[in-house]
Every structure is written in C-alpha cells, then in structure tokens.
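>>> Curious how this folds, go ahead:
(one chain, ligands or ions: 3)
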Amino acid sequence: MDIIKNQIKEWLSYDEKESKRLFALAREKRKQVFKNNIFAYGFVYFSTFCRNSCNFCYYRKENQIDRYRKDNAEILKIAKELVDSGVNLIDLTMGEDPVYHKEYFSGLITLADKIKKDLDVPVMLSPGVVEEGIIDEFAKIDADWYALYQETHNRKLFERLRKNQSYDIRMQAKLYAKTKDILIEEGILSGVGETDEDIADSIIAMGEIGAKQLRVMSFVPQDGSPMEAFETPDRSKELKIIAIMRILYPEALIPASLDVDGISGLKARLNAGANVVTSIIPPKSGFVGVANETLDVDEGGRTVEEVRSIVNSLGLEIADNDYYKAFIHSLKAKDL
Ligand code: SAM
Ligand code: MD0
Ligand code: SF4
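Ligands and ions are numbered 1, 2, ... in the order given. Here you go, the predicted structure:
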C-alpha cells in the first residue's frame, strides 16, 4: 500500500508539464474501457432544507436564506424534461430535510419508483445519512445508486467540516447500501485544509470501500457560512485527483461537475479523465445547484445541448441509455 500511496503523492506534486502527461494517460485508460462514451446526469435538488451545519455548505441550517421544498408533481415534470433532453440518470438530491427525515421518506421512495418506471431511467438518491430501514426501502424499488460523500477520510478534518456528525455512521450507511446491491458513490472536497497525504489516503479508501463512482469537487466558498473567507483552491489539484483516480480505477465513473466552474470548467475535467457530466439543470426551473447555486443555470449553460457540443468537440459522445444501463449492471458484479 505504501508504494501506491507514495506514487499518488508523487503524481499530486506534478507541475503543469508533468500533469499533461498524467492527463494523457488518464484519457488513454478511459478510452480502453469506455471508448468515446461519456455519461450525462440530470440533477434535481428538490429540497434545500437541512438539519445539519456543515461548515462548507450554503444550505447549513443556520444560514438565513430562501429555501424551497418542491412537490412530487413538479419534480416529476423536471425529471421528464431532463430525460427527454438526453440524460442517462436522474440524481434526486436534498439537504437533510427534517420533514423527509422525520416523516416523509415514503414520498421520496414513491417518487424514485415512479421516475424509474414511467421514465425508464436509472436513479441516484442523495438524501444524506439515512437509517438502514430506509435503505431497505431504496433496495426494494431497485434504486441504482446511493450517493454519500465523506468529504475526507481524515477523521479530525471530517469533524471540523461536518460538525456534530458521526464519521462512522456516515460511512456505515453507504457500506450497508452496498450489501443491498445498491451502487455507492463516494467523494472528497479539495481545498478544505487537507494534505496530499490525506488525499492519497482518500483515493485508496474510496477504492477499498467498493464505491464505483468516485468524486472530487473543489471547495467553493459560500456567503454566510463559517468557511466564507476560505479561498477556493487552484483547480490543478482537482484535475490531478481526477486523473489519478482514472489511472488507478479505469472502470470507475468519475464526475466532471458543472457545479464547481459551470460549463466553462467542463473541458478541462474531461481532458483529465472524467467520464460523467453531473449537475445538468434545466434553465428557469427554479431548481438550484449546491456549490454554485445559480451559475449558468438560467442562462441555459447547464443543459445537455451545451454539454453535448463540448463533449463532441473533444471527439467524445454522450452515451445512449442502453449502454449506460448495461455498464452499471456490469459494475455491480466486479471490483474496480
Ligand atoms: N445533503 C446531502 C449530503 O450532505 O450528503 C446531499 C447534498 S450535499 C449538498 C452534496 C455535496 O455537495 C456534499 O457532500 C459536498 O461534497 C458538496 N458541497 C456542498 N457544499 C459545497 C461547497 N461549498 N463547495 C463544493 N462542494 C460542496
Ligand atoms: C453535482 N451538485 O453533481 C451535484 C451534487 C449530489 N449527488 C451531486 C454535488 O455536482
Ligand atoms: Fe446539509 Fe448536505 Fe449541506 Fe451538510 S452538505 S449542510 S448535510 S445539505
């Protein structure tokens, strides 16, 4: 393990010229597994209420902001719009909304079931930490993914970032989902006080826990949050982490999130080896992002159409739904 860890640390220290070689290798690895296919995920942030106080997040409960909770009819309408425009998956995300967490999880489960059946599209659920009984319900409707990011695998740093939350309960929830045959997504933040050693530990841990989608996002400072004065990190780190994950885990799904730098940040992330474009949001829908609430949303920059033109300009294509479904089905049966 030490050999891999030292190798990761060396890659993380690469300068611009060396990084270019790293990115080229990552693209080569992606091509061997996925040919020219890139996946597109529609993002539906259906409730911005939250019971938690993560120091990095705009939606932490103390922040005095306008919040919304959309009803199922409206969410379904947006999901259909996204599917019609060509996304391969619908990601249903919320803050840890107390209404859902205390009494209304059935609403989310009914919704996810309906989206899968009526729209014939895989779903990812991103509701935060939930109890095992709820994860059993996710399994019953055959939910495809449960996304829950640790943000870091350094426990001390976790405690600073996810204040008053348990590292172990969060980790255990996703491991339990995996035993129920639900694919899991794990993720880290770049620029929140972690060292290269921490990043190397995280990259190794993400593989070890059996996550099949692996994410890194650069931290974006949020008004009114305790970390508002933190600087957003240089993007070269995020890009190197994407490339390293691709090289070590060629079959992994690795997002290029539009939520960090909008559509203008897509090309660099795809060139570093990412193969999933996430956070696609219909314009004028009234739905928002997470790290960058409104960036490019109403200007229409976060649509499949915009994404497709960039993907195509790199000689890549947005995959068709059958290819995506077959690929995630095959992922369940193997280790990365
Ligand atoms: N509430 C659920 C949870 O925490 O798991 C799901 C939604 S949460 C907003 C999704 C992810 O957004 C977090 O796990 C974190 O990685 C990312 N995120 C939140 N605030 C961010 C910020 N300011 N910059 C970058 N990423 C951020
Ligand atoms: C994204 N804003 O893909 C979304 C979000 C939650 N599963 C995903 C962080 O960037
Ligand atoms: Fe809530 Fe998720 Fe934001 Fe934490 S990251 S404050 S749990 S929405």
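>>> list the helices and strands the longest helix along the chain packs on?
With secondary structure taken from DSSP state H, the chain has its longest helix at helix 16-34. Here helix 16-34 touches helix 235-248, going by 3 or more CB pairs under 8 Å, 6 or more residues apart in numbering; DSSP states H and E. In this view, the C-beta of every residue, glycine as well, is placed from N, C-alpha and C.
>>> Parallel or antiparallel, list what pairs with whichever helix or strand comes after the helix it packs on.
Downstream of helix 235-248, the next assigned helix or strand under DSSP states H and E is strand 255-257. Note on strand 255-257: by DSSP bridges, its sheet partners are strand 276-280 (parallel).
>>> what's in contact with the strand it pairs with?
38-43, 82, 87, 91, 213, 215, 253-259, 266, 270, 289-290, 302-304, 307, 311, 318 (CB atoms under 8 Å, 6 or more residues apart in numbering).
>>> burial measure for the closest residue to ligand 1 within the stretch 151-300 of the chain, as a count.
Of all residues in the stretch 151-300 of the chain, A291 sits closest to ligand 1, at 3.5 Å by CB to the nearest ligand atom. The number of residues packed near A291 is 22, by other CB atoms under 10 Å.
>>> For it, what are phi and psi?
phi -80, psi -40 (degrees, to the nearest 10).
>>> One more: L89?
phi -160, psi 150.
>>> Only the C-alpha atoms, please, for the strand or helix carrying I328, written as PDB.
Following DSSP H and E, the helix or strand that holds I328 is helix 321-332. Extracted C-alpha coordinates of helix 321-332, given in PDB (Å, rounded to 0.1, in the frame of the first residue of the first chain):
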ATOM      1  CA  ASN A 321     -29.300   4.900 -22.200                       C
ATOM      2  CA  ASP A 322     -29.000   1.200 -23.000                       C
ATOM      3  CA  TYR A 323     -25.200   1.400 -22.900                       C
ATOM      4  CA  TYR A 324     -25.300   3.200 -19.600                       C
ATOM      5  CA  LYS A 325     -27.700   0.700 -18.100                       C
ATOM      6  CA  ALA A 326     -25.700  -2.300 -19.300                       C
ATOM      7  CA  PHE A 327     -22.500  -0.700 -17.900                       C
ATOM      8  CA  ILE A 328     -23.800  -0.100 -14.400                       C
ATOM      9  CA  HIS A 329     -25.300  -3.500 -14.400                       C
ATOM     10  CA  SER A 330     -21.900  -5.000 -15.100                       C
ATOM     11  CA  LEU A 331     -20.300  -2.700 -12.400                       C
ATOM     12  CA  LYS A 332     -22.300  -4.400  -9.700                       C
END
